[in-house]
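Peer 1: Need the 3D shape of this:
(one chain, ligands or ions: 1)
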Amino acid sequence: MEHCVVVGAGLAGLNTAVALRNQGYSERITLLGAEPCPPYDRPPLSKELLRGEVDDTTLPADWSALEVDCRWGVAATGLDESAVRTAVGPVPCDGVVVATGAAPVRLPGDGPQRTLRSIDDARQLRAALRPGARLAIVGAGWIGAEVATEARRLGCQVTVVEAADWPLAGALPAEVASRCAHWWAAADVDLRVGAKVAAVRTGGLELTDGSVVEADEVLCAVGVRPRVDWLADSGLAFACGGIEVDDRLAARPGVCAVGDVAAWPSTRYGRRLRVEHWDTALRAPAVAAATLLGGAETYDPVPYVWSEQFGRYTQYVGMHDDTDELVWRGDPDADAAWAACWLSGDTVRAVFTVDRPRDAMQARKVAERGQRVDRQLLADPAVPVKRAVVD
Ligand code: FAD
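Peer 2: Below you'll find the predicted structure:
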């Protein structure tokens, strides 16, 4: 490989350039980024940045040591056999890593609506969260919960409209998520579950039952779609809404995909996964770099996400199915800190923790190793998760 073009300058794109250099690649690297700025971190956008604790989340990078040709504000418009097309001309190359991330879904309707993906979105949202402002958030997922938290802290009146019957429905089943619903009420957030938005109108939301939620600001937080539109005529295959890659993250010889955009076959979970979490963008690039450089490393992680909501630190490790057995660590109705664990037979498939970060980290290692656990010990919050291992 004489010239590798990395498309997308987020965490996954930056880490790909770093991984290529760390693995000894000394030829040309070009990093194309649609945004007019160097890579920045997104998790603080719904946390520290809204709180006013930071205003700049630029990721640290030693650009001169990396010797990367950085092209900010240049979007890729297509992928040919031996070039990436851009509005300012083709960039010839013999290696490509696609790291174009995802874009927020928007709701129908002619009223003004915000989404939260870029640092500009976050700065503008922060300016709009004035004390007393009525904020309607559509979607009670991770981002909806975090923005509701910060908006209440800033003195806004917050209504959250969620189509599912409980919050965090994309990640958690009812019996676990229902144990979190009181957090919203305690923060004085008006959480309306089982409510569907028909359209965003000037002055608020129109729901499908004909009712209206009046609001000064509307934030749509109903999920994202991978940015693959520019690859329509590339010949690449798509899966789970993103780019179909093999277990080495290759979409075809010489082309890899990483981060929010990549859908890989997981042997561990028996299905193809596409995971929109920070940790995926952090770790997948090393495997993609190895693949392009002729290595044989495979990618099959235990996914991980954290969230800070309503004064709590939550983490979800792994991936559970409806058929997995639920084991509680602690009493979610009585204890401030607790965890829910899912077991398949004697092995840990997933763990959701509330203010028990050590449990999450230990459970991740146990799940990665596929170790068997004693469910009685696992259920005892006084016993460290790693001590529940029986292997
Ligand atoms: P992105 O960060 O989306 O970067 C992709 C980049 O590619 C973008 O800069 C984009 O402009 C650029 N691009 C797109 N198309 C093109 C093109 N055609 N040509 C060139 N460039 C292009 N995850 C957690 O695990 N925990 C959290 O607490 C958490 N909080 C979050 C809070 C917010 C507000 C957001 C938005 C996300 C959060 N996430 C969190 C998710 C996490 O940030 C993402 O999973 C991660 O940023 C994905 O990285 P990425 O590099 O794959 O994609």
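Peer 1: Could you tell me which residues of the stretch 1-150 of the chain lie near the ligand?
Peer 2: Applying Cβ under 6 Å from any ligand atom, one finds that the stretch 1-150 of the chain approaches the ligand through 7-13, 32-35, 42-43, 45-46, 75-76, 99-102, 116-117, 143. For every residue, glycine as well, the C-beta is placed using N, CA and C.
Peer 1: let's see it at 8 Å
Peer 2: Contacts of the stretch 1-150 of the chain with the ligand, taken as Cβ under 8 Å from any ligand atom, map to 7-15, 32-35, 39, 41-47, 74-77, 86, 99-104, 116-118, 121-122, 142-143, 146.
Peer 1: Could you identify the buried members of the residues you listed?
Peer 2: Buried members of those, scored by 16 or more other Cβ atoms under 10 Å, are 7-15, 32-35, 39, 41-47, 74-76, 86, 99-102, 104, 116, 118, 121-122, 142-143, 146.
Peer 1: returning to what we had before: the residues of the stretch 1-150 of the chain next to the ligand in helices, which ones?
Peer 2: Leu11, Ala12, Gly13, Leu14, Asn15, Asp121, Ala122, Trp142, Ile143, Glu146 (DSSP state H).
Peer 1: Make JSON lines from the residues you listed and add pLDDT and distance to Ala286 to it.
Peer 2: Listed next are these as JSON lines, based on pLDDT from 0 to 100; distance: Cβ to Cβ, whole Å:
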{"residue": "Leu11", "pLDDT": "98", "distance to Ala286": "13"}
{"residue": "Ala12", "pLDDT": "98", "distance to Ala286": "11"}
{"residue": "Gly13", "pLDDT": "98", "distance to Ala286": "13"}
{"residue": "Leu14", "pLDDT": "98", "distance to Ala286": "13"}
{"residue": "Asn15", "pLDDT": "98", "distance to Ala286": "8"}
{"residue": "Asp121", "pLDDT": "98", "distance to Ala286": "29"}
{"residue": "Ala122", "pLDDT": "98", "distance to Ala286": "28"}
{"residue": "Trp142", "pLDDT": "97", "distance to Ala286": "25"}
{"residue": "Ile143", "pLDDT": "98", "distance to Ala286": "27"}
{"residue": "Glu146", "pLDDT": "98", "distance to Ala286": "28"}
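Peer 1: From the residues you listed, pick the one nearest the ligand.
Peer 2: Minimum distance to the ligand across these is 3.3 Å, recorded for Ala12 (Cβ to the nearest ligand atom).
Peer 1: Does the closest one touch Ala286 like I think?
Peer 2: No. Counting by Cβ atoms under 8 Å, Ala12 stays clear of Ala286, with 10.9 Å between them.
Peer 1: report the longest helix in this protein, please.
Peer 2: The single longest helix within the chain, with elements called by DSSP H, is helix 278-292.
Peer 1: Run through the neighbouring helices and strands of it.
Peer 2: The contact analysis (3 or more Cβ pairs under 8 Å, 6 or more residues apart in numbering; DSSP states H and E) places helix 278-292 against helix 11-22, strand 95-98, strand 255-257, strand 304-309.
Peer 1: same thing but 7 Å
Peer 2: Judged by 3 or more Cβ pairs under 7 Å, 6 or more residues apart in numbering; DSSP states H and E, the packing partners of helix 278-292 are helix 11-22, strand 255-257.
Peer 1: Just tell me which of the ones you listed ends up closest to Val373.
Peer 2: helix 11-22 (32.2 Å; Cβ to Cβ).
Peer 1: what sits up against that closest one?
Peer 2: Applying Cβ atoms under 7 Å, 6 or more residues apart in numbering, the set of residues contacting helix 11-22 from outside is 4, 6, 29, 31, 33, 39, 41, 59, 61, 66, 68, 97, 99, 258-259, 278, 281-282, 284-286, 288-289.
Peer 1: mind showing which ranges of the stretch 151-300 of the chain have poor pLDDT?
Peer 2: Applying pLDDT under 70 to the stretch 151-300 of the chain flags no residue at all.
Peer 1: How much space separates whichever residue of it sits closest to the ligand from Ile243?
Peer 2: Going by Cβ to the nearest ligand atom, the ligand is nearest to Gly259 of the stretch 151-300 of the chain, at 2.2 Å. Separation of Gly259 from Ile243 (Cβ to Cβ, to the nearest Å) stands at 10 Å.
Peer 1: Repeat that for Val287.
Peer 2: 15 Å.
Peer 1: what's the answer for Ala232, then?
Peer 2: With Cβ to Cβ as the criterion, Ala232 and Ile243 are 12 Å apart.
Peer 1: ok, the two, which is more surrounded?
Peer 2: Ile243 (26 against 11; other Cβ atoms under 10 Å).
Peer 1: Just give the nearest non-adjacent residue to the more buried one, would you?
Peer 2: Spatial nearest neighbour of Ile243, excluding adjacent residues (Cβ to Cβ, 6 or more residues apart in numbering): Ala257 at 4.1 Å.
Peer 1: and the one you found, what does it touch?
Peer 2: Val98, Ile243, Val245, Leu249, Ala251.
Peer 1: Out of the residues you listed, name the ones that lie in strands.
Peer 2: Val98, Ile243, Ala251 (DSSP state E).
Peer 1: Turn those residues into JSON lines, including distance to Lys386.
Peer 2: Listed next are the ones in strands among the contacts of Ala257 as JSON lines, based on distance: Cβ to Cβ, whole Å:
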{"residue": "Val98", "distance to Lys386": "37"}
{"residue": "Ile243", "distance to Lys386": "36"}
{"residue": "Ala251", "distance to Lys386": "37"}
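Peer 1: For the stretch 151-300 of the chain, which segments count as strands?
Peer 2: 157-162, 190-193, 197-201, 204-207, 212-214, 217-220, 224-226, 238-239, 242-244, 250-252, 255-257, 262-266, 271-273 (DSSP state E, counting those that start in this stretch).
Peer 1: Can you give the domain ranges for the protein?
Peer 2: 3-103+224-292, 106-220, 311-388 (automatic domain parsing).
Peer 1: Tabulate the ones you listed (CSV), appending distance to Pro303.
Peer 2: Output for the domains of the chain, formatted as CSV (distance: least, Cβ to Cβ, whole Å):
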stretch, distance to Pro303
domain 3-103+224-292, 5
domain 106-220, 10
domain 311-388, 6
